[in-house]
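Trainee: below is the sequence, then the predicted model.
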Amino acid sequence: YLSLPKEVLLTSMETHQKSFGVAGPDGALLPFFLTTLNTEPKDLSVVRRGWERVLRARLEDARFFWETDLRTGKDQWLAKLDQVIFLGPLGSMGEKTRRLAALTDVLADRLAPKLKGELSRAALLSKTDLVSEMVGEFADLQGIMGGIYAAKLGEPETVSRAIYEQYLPAGPGSPVPASTAGALLAIADKCDTVVGCFGLNMVPTGANDPYGLRRQTLGIIRIVLEHGFKLDLEELVDRAL
């Protein structure tokens with residue numbers, strides 16, 4: 001199963017089996033796992049074999065999703081995005097990706113003209129993994145799998161890295177995107193969501209912020225500060241609107 005991406009193996013083990021992967025000195029996963037018991041079994045070997053059998057079944061599922069997704073590919077996923085609703089009046093995920101492509105063009109013109117073509121491509125492909133088998137099973141891997149699949153299916157490293165990093169930062173303890181393309185795509189994605197929700201009067205209250213608009217706004221600010229971008233946020237909001 002080590003032919004599968006590390007992120008898939010770890011998510012499968014941790015989510016379904018509450019197990020730990022084991023890495024070697026180079027950071028690559030080894031063919032071993034650890035788990036914990038809160039009892040002293042009479043026959044530990046029976047428990048071990050049972051755990052291995054269940055984990056093997058889970059990893060078989062993950063391998064099936066991986067192979068199915070690679071056969072399906074990004075073109076079919078792109079077509080499906082127009083049938084996936086983003087948020088009521090804001091249209092489909094396909095429409096969102098096209099908005100992101102337009103918004104990243106604006107950001108690229110201001111901050112990274114050489115990245116404009118690849119950044120626009122990353123924006124268009126950014127949500128394709130939402131209709132993949134793998135993300136259907138492991139929702140936490142959205143974006144991550146999009147980046148992995150993009151690289152596997154021949155997209156440039158700039159494109160795949162931007163897709164992989166698009167949801168960062170995920171919270172106050174989470175890093176911002178390391179790449180410039182990832183940072184700009186993340187800004188565009190967050191700004192589109194924030195502007196769209198405020199446009200529908202879905203404004204956070206003291207106790208209610210179901211779409212994480214505070215977190216996304218703080219994410220934009222952190223990215224701008226940590227990357228040192230010289231960016232007029234008021235102009236960005238106007239363009240997103």
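Mentor: Cool, the structure landed. Residues are numbered from 1 along each chain as shown.
Trainee: buried residues in the strand or helix carrying residue 59?
Mentor: Secondary structure here is read from DSSP states H and E; on that basis residue 59 sits in helix 44-72. For helix 44-72, the buried set under the neighbour-count rule, 16 or more other C-beta atoms under 10 Å, comprises 55, 58-59, 62-63, 65-66, 69, 72. To be clear about C-beta, it is placed using only N, CA and C from the backbone, and glycine gets the same treatment.
Trainee: tell me the strands beside the longest strand along the chain, with direction?
Mentor: The strand of greatest length in the chain, counted in residues with DSSP state E as the criterion, is given as strand 29-34. Each strand pairing with strand 29-34, determined using DSSP bridges, is listed with its direction: strand 20-23 (antiparallel).
Trainee: and residue 170, how far from residue 105?
Mentor: 26 Å (C-beta to C-beta, to the nearest Å).
Trainee: comparing those two, which shows the higher neighbour count?
Mentor: More neighbours surround residue 105 than the other of residue 170 and residue 105, with 17 against 13 (other C-beta atoms under 10 Å).
Trainee: my read is that one is in a strand, agree?
Mentor: No - looking at residue 105 with DSSP: H, G, I helix; E, B strand; the rest coil, it is helix, so not inside a strand.
Trainee: contacts only, for the closest residue to residue 24 other than its chain neighbours.
Mentor: With C-beta to C-beta, 6 or more residues apart in numbering as the criterion, residue 24 has its nearest non-adjacent residue at 5.3 Å, and that residue is residue 30. For residue 30, the contacting residues are 22-24, taking C-beta atoms under 8 Å, 6 or more residues apart in numbering as the criterion.
Trainee: compare the residues you listed and tell me which has the most neighbours.
Mentor: Comparing the contacts of residue 30 by number of neighbours (other C-beta under 10 Å), residue 23 comes first, having 13 neighbours.
Trainee: how close does that one get to residue 59?
Mentor: The separation that residue 23 has from residue 59, given C-beta to C-beta, amounts to 17 Å.
Trainee: residue furthest from the geometric center of the chain?
Mentor: Ranking residues of the chain by C-alpha distance from their mean position (C-alpha atoms, centre = their mean) puts residue 42 at the top, at 43.0 Å.
Trainee: alright, calling it a day.
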